[in-house]
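# Predicted model and sequence follow; I will ask about them next.
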Amino acid sequence: MKSNFLRGMNHGIPIALGYLSVSFGFGILAVESGLSVLQSSVISASNLTSAGQIAGVGVIAAGGTLLEMILVQLVINIRYSLMALSLSQKLDRSFTAPHRLLASYGITDEIFAVCSAQNGTITPAYMYGMILISMAGWVLGTFLGASAGEVLPDSVTAAMGIVLYGMFLAIIIPPSRRKKSVLFVTVIAALLSVLFKYVLTMISGGFAVIICAIAAAGLGAVLFPVSDEEEEAGE
Amino acid sequence: MTVAVYIFVMAAVTYIIRMVPFTFFRKKIKSRFVRSFLKYIPYAVLSAMTIPAIFTSTGNVVTSVVGTLVAVVLAFFDLPLIVVALAASASAFITGLFI
C-alpha cells in the first residue's frame, strides 16, 4: 500500500515539475486579470486543469454569466470524461466508490497519461501519490507566479514551456516503436491536429483535440482491434 | 457576483465531468471496438496535444525543435519520463543561449 503511494509520487515528479512551470504562467496571468494571489491559488487547488482555468479567469475578468462559465468548462474539459472512462477500465478491485469519488478530482491529461501507460491495474494509493505531488506543484507554481511573476529570467520560463510536451513524447514514443497499431493512432492524431491548427482554424483548440482523438482512436479501433491476450498483458 | 461564486461553479463543473464516468462506470466493457477505442484514446489525445504545439512551446521555433529532437531520441531509447522531459527543456535553454 505504502510502496504504491511512493511509486505514484515518484512517477508524478516530472508532472509536478512541469506543472510548476506551467502554473507559474497561470499565476501571472490570473493576477494580471485582477484576481488576488489567494483567489488564483484556490482556483488551481480546486480545478487542477490548465486550459479550463485560463478560460475561466477570462470569463471572470469579463464579468461573464455563470451559464457561460459552465459551458466554457464543459467544452474545454469534456475530454476528461473520455479519460475517466478509459481509466475506469484499468482500476484495481480495491478502488471502491469512495476512492473513485476522491481520485476522480485528480484526472488530468498528464496523470491520466502516466496511469494509462502502467502495466496492470491502478490502485488508489498509486493515484493519490501522483495526484498529491502534482497538485503541490500546480498550486505552488500558481502561488509563486501570482506573487512574484517577474523574478525568473524569461530564458528560464520559456525553456520550461517544453517540459510537459517532452514528457508526452516520452509516453507515446516507446509504445509507438513497439506496436504499429499505436504508431498508426499517434501519427493520424498528429496529422489531424496539424490540419486543425493551420487549416481548420475556426475550430477551437479544446474541440480540435476531442475531434482528433476520437477520429484517430476510432480508426485505430476499426483497423487494429485489440485481442483479449493483448489486454491481459497490459500496455 | 463575487469571484468565489465563479470559482465554485468552475470547480464543480470540472469535478463532475471527471467524477461521473470514473465513479459510476463499474462494469468491464464487452464491445471489442469500444475496448480498443479506449485503449488508443490516451495516445491519440497526447499526440494531438503535443503536435504541433510542442514546436512553439518555448516561444521560439529553433529552441523548440532542438528540444523536441532531443526528447524524441531519448524517448526512442526508453529513457525515464523525467529524463526526457528535463533534457528537452535543458537543450532548449542551452540552444537559446546561442541564438
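In hand now; what should we look at?
# Next, count neighbours for B:Val9.
By other Cβ atoms under 10 Å in any protein chain shown, the residues close to B:Val9 number 18. Yep, even glycine has a C-beta here, placed from its N, CA and C like the rest.
# Over to A:Tyr198?
9.
# Which residue is the nearest non-sequential neighbour of it?
B:Pro52 (7.8 Å; Cβ to Cβ, 6 or more residues apart in numbering or on different chains).
# Same question for A:Ala136.
Leaving aside its sequence neighbours, A:Ala136 is closest to A:Ala16 (6.4 Å, by Cβ to Cβ, 6+ apart).
# Next secondary structure after the longest helix along chain B?
In chain B, assigned by DSSP state H, the helix with the most residues is helix B:3-24. Counting by DSSP states H and E, the next helix or strand C-terminal to helix B:3-24 is helix B:32-50.
# Counting by contacts, list what the worst-scoring helix or strand of chain B on mean pLDDT packs against.
Ranked by mean pLDDT, DSSP states H and E, the weakest helix or strand in chain B is helix B:32-50, scoring a mean of 86. Applying 3 or more Cβ pairs under 8 Å, 6 or more residues apart in numbering or on different chains; DSSP states H and E, we find helix B:32-50 packed against helix A:79-88, helix A:109-116, helix A:163-178, helix A:180-198, helix A:205-223.
# Now mean pLDDT too, for those, in TSV please.
Output for the helices and strands packed on helix B:32-50, formatted as TSV (pLDDT from 0 to 100):
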stretch	mean pLDDT
helix A:79-88	88
helix A:109-116	90
helix A:163-178	88
helix A:180-198	95
helix A:205-223	85
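# Out of these, which is closest to A:Ala97?
Of all the helices and strands packed on helix B:32-50, helix A:79-88 sits nearest to A:Ala97, with 11.9 Å by Cβ to Cβ.
# Quick one: check the helix or strand that comes right after that closest one for contact with chain B.
Note on helix A:79-88: by DSSP H and E, the next helix or strand toward the C-terminus is helix A:97-103. Yes - applying Cβ under 8 Å from any Cβ of the partner chain, one finds helix A:97-103 touching chain B at A:Ala97, A:Arg100, A:Leu101, A:Ala103.
# Leaving out the residues flanking it, which one is nearest to the third one?
When the adjacent residues along the chain are set aside, A:Leu101 lies closest to B:Thr23, with 5.6 Å between them (Cβ to Cβ, 6+ apart).
# do you know how far the one you found is from B:Pro42?
According to Cβ to Cβ, to the nearest Å, B:Thr23 and B:Pro42 sit 20 Å apart.
# Compare those two and say which one has the larger neighbour count.
Set B:Thr23 next to B:Pro42 and count neighbours by other Cβ under 10 Å: B:Pro42 wins out with 27 against 19.
# residues contacting the more buried one?
Neighbour list for B:Pro42: A:Met83, A:Ser86, A:Phe112, A:Ala113, A:Ser116, A:Ala117, A:Ile171 [criterion: Cβ atoms under 8 Å, 6 or more residues apart in numbering or on different chains].
# possible to save the residues you listed as JSON lines with neighbour count and distance to chain B?
Below are those laid out as JSON lines (neighbours: other Cβ atoms under 10 Å in any protein chain shown; distance: Cβ to the nearest Cβ, whole Å):
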{"residue": "A:Met83", "neighbour count": "26", "distance to chain B": "7"}
{"residue": "A:Ser86", "neighbour count": "24", "distance to chain B": "4"}
{"residue": "A:Phe112", "neighbour count": "23", "distance to chain B": "7"}
{"residue": "A:Ala113", "neighbour count": "23", "distance to chain B": "6"}
{"residue": "A:Ser116", "neighbour count": "22", "distance to chain B": "4"}
{"residue": "A:Ala117", "neighbour count": "19", "distance to chain B": "7"}
{"residue": "A:Ile171", "neighbour count": "22", "distance to chain B": "6"}
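# Can you give me every residue that contacts residue 43?
As the question left the chain open, I've gone with chain A. So A:Ile43 contacts A:Ala30, A:Leu35, A:Gln53, A:Gly56, A:Val57, A:Thr142, B:Ile7, B:Met10, B:Ala11 (Cβ under 8 Å, 6+ apart).
# hmm, I had chain B in mind actually
A:Ile172, A:Pro175, A:Ser176, A:Val182, A:Val185, A:Thr186, A:Ala189, A:Ala217.
# if I pick the residue nearest in space to the middle of chain B, what's in contact with it?
When Cα atoms, centre = their mean is applied to chain B, the residue found nearest the centroid is B:Leu46 (5.0 Å). By Cβ under 8 Å, 6+ apart, the residues touching B:Leu46 are A:Asp109, A:Ala113, A:Phe168, A:Ile171, A:Ile172, A:Thr186.
# Quick check, pLDDT for the residue nearest to A:Leu101.
At B:Thr23, the model reports a pLDDT of 92.
# my guess is it meets A:Ala103, correct?
No - between B:Thr23 and A:Ala103 there is no contact under Cβ atoms under 8 Å: 9.3 Å.
# residues near B:Arg26, how many?
If you count neighbours by other Cβ under 10 Å, B:Arg26 ends up with 10.
# And for B:Thr56?
Burial measure for B:Thr56: 14 neighbouring residues, criterion other Cβ under 10 Å.
# If we ignore the residues flanking it in sequence, what's nearest it?
That would be B:Ser64: by Cβ to Cβ, 6+ apart, it lies 6.0 Å from B:Thr56.
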